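Q: All I have is the shape, not the residue letters:
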């Protein structure tokens, strides 16, 4: 069985602070795929990034960066210089070949960025 | 805008009723997925269709059914509705089967309220 854990239920920061959202996953598969999605107050789910298990390079996209560490089964997401528009629920998700294409989601982390 | 459309955006109905949720995938995508987001269960995979055929089933109740039509749009039918069926229902689409390698892009969701 696959599992994704986002231990931080809620995080509150002040604008311009850096914030890291944690994601720990469990899978028996050697090939798997990790995702982050953002759910703003409007409710839609917005794709942010996909990482393959065989590619441990960290990635940076503007103020967003992702740290993938297979040794600790973690795929953490950092927002640098947070902005009010970053306020949303962020979900980490996992899929693998043996689980088919279904995504297993974590519980989500509610991020509030205060002005 | 992900390119995935869902109608209606909101649906309010009574217990015991039946409703149909509709989804149009991104242009060119063959796979359609349905997910349910509720406060107590989080984001749960319901079912996947690929090019008109059912490919995977998750925690979908027997009262729920889905299909994918030749034009690739999909419908999720919910019958004998109960209060606990109130949730946000998402449709997602991806290019193909690919055993979990595809990125799923989500529609804006249909918020179902059962009174």
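A: Alright, I've got the coordinates. Quick caveat, the model's predicted, so the values are computed rather than measured.
Q: Please report how far residue B:67 lies from residue B:34.
A: 11 Å (Cβ to Cβ, to the nearest Å). Heads up, the C-betas are built off the backbone N, CA and C, glycines and all.
Q: So which of those two has more stuff around it?
A: residue B:34 (23 against 15; other Cβ atoms under 10 Å in any protein chain shown).
Q: Does residue B:81 belong to a helix, a strand or coil?
A: Under the three-state scheme (DSSP: H, G, I helix; E, B strand; the rest coil), residue B:81 adopts coil.
Q: Name the residues contacting each of residue B:67 and residue B:34.
A: Counting by Cβ atoms under 8 Å, 6 or more residues apart in numbering or on different chains, the shared contacts of residue B:67 and residue B:34 are residue B:74.
Q: Which pLDDT does the model give the residue nearest the centre of chain B?
A: What sits nearest the mean C-alpha location of chain B, by Cα atoms, centre = their mean, is residue B:34, with 2.9 Å. Looking at residue B:34, its pLDDT reads 97.
Q: Let me see the contact set for it.
A: Neighbours of residue B:34 in contact, by Cβ under 8 Å, 6+ apart: B:23, B:45-48, B:60, B:66, B:74, B:76, B:89-92.
Q: let's see 10 Å
A: If you count contacts by Cβ atoms under 10 Å, 6 or more residues apart in numbering or on different chains, residue B:34 has them with B:21, B:23, B:44-49, B:58, B:60, B:64, B:66, B:74-76, B:89-92.
Q: Keep those residues, but drop any that are not near chain A.
A: Restricting the contacts of residue B:34 to those near chain A by Cβ under 10 Å from any Cβ of the partner chain leaves B:44, B:45, B:46, B:47, B:48, B:58, B:90, B:92.
Q: By neighbours, which of those wins?
A: Busiest of the ones next to chain A among the contacts of residue B:34 [other Cβ under 10 Å] is residue B:92, holding 29 neighbours.
Q: element containing it, please.
A: Element membership of residue B:92, judged by DSSP states H and E, is strand B:87-94.
Q: That strand - contacts with which helices or strands?
A: Under the contact definition 3 or more Cβ pairs under 10 Å, 6 or more residues apart in numbering or on different chains; DSSP states H and E, strand B:87-94 sits against strand A:32-39, strand B:5-7, strand B:19-24, strand B:31-38, strand B:42-50, strand B:74-78, strand B:105-106, strand B:110-114.
Q: for those, which one ends up most surrounded?
A: Counting by mean count of other Cβ atoms under 10 Å in any protein chain shown, strand B:31-38 has the highest mean neighbour count of the helices and strands packed on strand B:87-94, with a mean of 24.
Q: So which residues on chain B come close to chain A?
A: By Cβ under 10 Å from any Cβ, the part of chain B that sits against chain A consists of B:1-2, B:4, B:6, B:9, B:31, B:33, B:35, B:37, B:42-48, B:50, B:55-58, B:88, B:90, B:92, B:94, B:96-109, B:111.
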